[in-house]
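Visitor: Here is the input, now give the coordinates:
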Amino acid sequence: MSEQNGEQLKISVVKNGPYVVEGVPEIKDARGEDASKDGKVFLCRCGRSSNKPFCDGTHSKVDFDGTETADQGPTSERRDAYEGDGVTILDDRTVCAHIGECTDGLPVVWKLGEEPWIDPKGASAEEIKRVVSTCPSGALTYTEPGSTETVEQAMDPAIKAAVDGPYMLRGGIPVFSADGEGYEVRARQTLCRCGGSSNKPFCDGTHWKGFKDPEEAERPAD
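Guide: Got it, this is the predicted structure:
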């Protein structure tokens, strides 16, 4: 089990209930404000709490179905490889949160609505690496020539609630299902916060259908 400053570091999924967070030193709400607490932190998973990001028990009142359906196998068994000049893009669609950092950040490489949707030779290796590193779900990773190891930036463990979107995890926080089985530990992950994902506990972009934070949450400028 991972530790942070001597504390157990993990997120546990409660059956039809919240996420129980332990040992994560930095938790921020959608306003960017510190939501860290001593001891265990219970984060809303059903999307209906009136005290977001914290759980207020609403999941019980609305009979939230939090059944987990995500593959617990390694992403290496699910991803596709796109070999470019000086970089190979690896893409695991099963964990994509559809945040759009790739299609917005470098549309000459990530081509929305086209097949194949990735052109690994559409930009320089350095440009591709930069954009891959912004993918919050870790669906996109990359390897360099002569290596099969994916490249990840060193990041301290942290959780940030995206405005109107998922919990964005960084720093290799272990996530455990309600039955105690561990999911693959990844440097970047996105956990469903709206309650509607068909790939629970991970985000699948369903929040785009209307999940909203309180109006006072800071939203990006148009």
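Visitor: got a pLDDT number for the residue nearest to S133 when sequence neighbours are not counted?
Guide: The shortest distance from S133 to any non-neighbouring residue, by CB to CB, 6 or more residues apart in numbering, is to Q153 (6.0 Å). For glycine as for every other residue, the C-beta is placed from the backbone atoms N, C-alpha and C. pLDDT, Q153: 93.
Visitor: Surely T94 is in a helix?
Guide: Yes - counting by DSSP: H, G, I helix; E, B strand; the rest coil, T94 is found in a helix.
Visitor: Thought E152 was touching T143, still the case?
Guide: No - using CB atoms under 8 Å, T143 is not in contact with E152; the gap is 10.9 Å.
Visitor: Can you tell me how far the residue nearest to S133 is from E184?
Guide: Taking CB to CB, to the nearest Å as the measure, Q153 and E184 are separated by 18 Å.
Visitor: These two: which has the busier surroundings?
Guide: The residue with more neighbours, out of Q153 and E184, is E184; 17 against 9, by other CB atoms under 10 Å.
Visitor: Surely the more buried one is in a strand?
Guide: No - counting by three-state DSSP, E184 falls outside a strand, being coil.
Visitor: Not counting residues beside it along the chain, what's closest to it?
Guide: Once flanking residues are discounted, E184 sits nearest to P74: 5.1 Å by CB to CB, 6+ apart.
Visitor: Based on its surroundings, how many neighbours for that neighbour?
Guide: When counting by other CB under 10 Å, one arrives at 12 neighbours for P74.
Visitor: what do you get for the one 10 residues further on?
Guide: Under the neighbour criterion other CB under 10 Å, G84 is assigned a count of 18.
Visitor: Would you agree it is in contact with S124?
Guide: No - judged on CB under 8 Å, G84 makes no contact with S124 at a distance of 9.0 Å.
Visitor: Could I get the full set of strands for this structure?
Guide: Applying DSSP state E to the chain gives strands spanning 3-4, 7-8, 10-13, 19-22, 27-28, 41-43, 80-83, 88-91, 140-143, 158-161, 167-170, 175-176, 188-191.
Visitor: any chance of these in JSON lines, plus mean neighbour count?
Guide: Below are the strands of the chain laid out as JSON lines (neighbours: other CB atoms under 10 Å):
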{"stretch": "strand 3-4", "mean neighbour count": "14"}
{"stretch": "strand 7-8", "mean neighbour count": "12"}
{"stretch": "strand 10-13", "mean neighbour count": "21"}
{"stretch": "strand 19-22", "mean neighbour count": "20"}
{"stretch": "strand 27-28", "mean neighbour count": "19"}
{"stretch": "strand 41-43", "mean neighbour count": "20"}
{"stretch": "strand 80-83", "mean neighbour count": "14"}
{"stretch": "strand 88-91", "mean neighbour count": "22"}
{"stretch": "strand 140-143", "mean neighbour count": "22"}
{"stretch": "strand 158-161", "mean neighbour count": "22"}
{"stretch": "strand 167-170", "mean neighbour count": "24"}
{"stretch": "strand 175-176", "mean neighbour count": "19"}
{"stretch": "strand 188-191", "mean neighbour count": "26"}
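Visitor: Tabulate those in JSON lines, adding columns for mean pLDDT.
Guide: Output for the strands of the chain, formatted as JSON lines (pLDDT from 0 to 100):
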{"stretch": "strand 3-4", "mean pLDDT": "58"}
{"stretch": "strand 7-8", "mean pLDDT": "79"}
{"stretch": "strand 10-13", "mean pLDDT": "98"}
{"stretch": "strand 19-22", "mean pLDDT": "98"}
{"stretch": "strand 27-28", "mean pLDDT": "98"}
{"stretch": "strand 41-43", "mean pLDDT": "98"}
{"stretch": "strand 80-83", "mean pLDDT": "97"}
{"stretch": "strand 88-91", "mean pLDDT": "98"}
{"stretch": "strand 140-143", "mean pLDDT": "98"}
{"stretch": "strand 158-161", "mean pLDDT": "98"}
{"stretch": "strand 167-170", "mean pLDDT": "98"}
{"stretch": "strand 175-176", "mean pLDDT": "98"}
{"stretch": "strand 188-191", "mean pLDDT": "98"}
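Visitor: Great, nothing more from me.
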